[in-house]
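Engineer: Sequence plus predicted model, see below.
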Amino acid sequence: MILPAPVLELVDATVVKGDRPVLDGLTLTIRAGEHTAIVGPNGAGKSILVRLLTHEDRALLLADGTSPVRVFGNGNWDVFELRSQLGIVSADLHQRFVAGNSEGRITGEAAVLSAFLASDGILRYGVVTDEMRRKAADALGRMGVPHLARRWLDELSSGEARRVLLARALVTSPRALVLDEPTTGLDLVARHDFMERVRHIAREGTTVILITHHIDEIIPEIERVILLREGHMAAAGPKPSVLTSEQLSALFNAPIALEEHDGYFYARPGGARVESSKRT
């Protein structure tokens, strides 16, 4: 049996911004169907990792001139073609749609349709078919927000808008769903509702990659956790072996107490301090 290509493969990947590496010789693999959380403090390199996955950033070439980044087995995607294979939801994307859209204000339906055109809005000369509109309506329905199709996106609550963007992420039937700090700005109820919908998506079989620094966002369906710190991989493996007080205390350089309940992990400051393993 031929196994599907991994969603993401990095081999000694380095990304330099200014005069310093923000990812430094990172090697990791995320396999198809392997729901994964990438956890780290601010500045750990999480967002850069997402931008490598989406080809918005490029890593330094290896010594043999090849790319250290492969997505679905391909190291040289056309960016617009790749966008149809990856569903993306992030607070930054939300802001681009609401505040920085070059096409002006857009409706919930238009936001979802824009996924077919790999844009942040309906292009003036983009062709929108009846089949696209049908799929957009179905996606909004799956997320429980069909009534938002004609509403302006900038008039919706943050929770409503984020569910529209989740519909957008799924409308092209992507091979993986990438969630980059997806609940930033959401209240407690909206946050819970959003992550419950992600749980359903994971159970349906779409590979979920969650980038977060909130341990309690790691849904029970996620089996693997990668810890990032200062552009390096601090730990990676099955969730129970990686999400420990010792590992998290070292990651955040502060004492962290950890509890588990019904498949969720909850972290809070407290307990004996664990010294950072970083040498100075």
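Structural biologist: Looks like it arrived, so ask away. Residues are numbered from 1 along each chain as shown.
Engineer: Please make it C-alpha for all contacts and neighbour counts, starting now.
Structural biologist: OK.
Engineer: Buried residues of stretch 88-103, list them for me.
Structural biologist: 88, 89, 90, 91, 93, 94, 97, 98 (16 or more other C-alpha atoms under 10 Å).
Engineer: Output the below-cut-off pLDDT ranges for the stretch 1-150 of the chain.
Structural biologist: 1, 100-104, 121-125 (pLDDT under 70).
Engineer: and what of the stretch 151-280 of the chain?
Structural biologist: Across the stretch 151-280 of the chain, the ranges flagged by pLDDT under 70 are 271-280.
Engineer: let's see it at 90
Structural biologist: By pLDDT under 90, the low-scoring segments of the stretch 151-280 of the chain are 213, 270-280.
Engineer: quick one, helices of it?
Structural biologist: 158-170, 188-204, 239-242, 245-252 (DSSP state H, counting those that start in this stretch).
Engineer: Give me whichever of these is most buried.
Structural biologist: Using mean count of other C-alpha atoms under 10 Å, the stretch among the helices of the stretch 151-280 of the chain with the largest mean neighbour count is helix 158-170, at a mean of 25.
Engineer: I'd like the helices of the stretch 151-280 of the chain written out as CSV, with distance to residue 113 added.
Structural biologist: Listed next are the helices of the stretch 151-280 of the chain as CSV, based on distance: least, C-alpha to C-alpha, whole Å:
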stretch, distance to residue 113
helix 158-170, 7
helix 188-204, 20
helix 239-242, 36
helix 245-252, 40
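Engineer: Residue 22 is nearest to which of these?
Structural biologist: Proximity to residue 22 (C-alpha to C-alpha) singles out helix 245-252 among these, at 16.3 Å.
Engineer: and the residue positioned nearest the centre of the chain, what is it in contact with?
Structural biologist: Centroid check for the chain by C-alpha atoms, centre = their mean gives residue 179 as the closest residue, at 2.5 Å. By C-alpha atoms under 8 Å, 6 or more residues apart in numbering, the residues touching residue 179 are 88, 89, 90, 208, 209, 210, 211.
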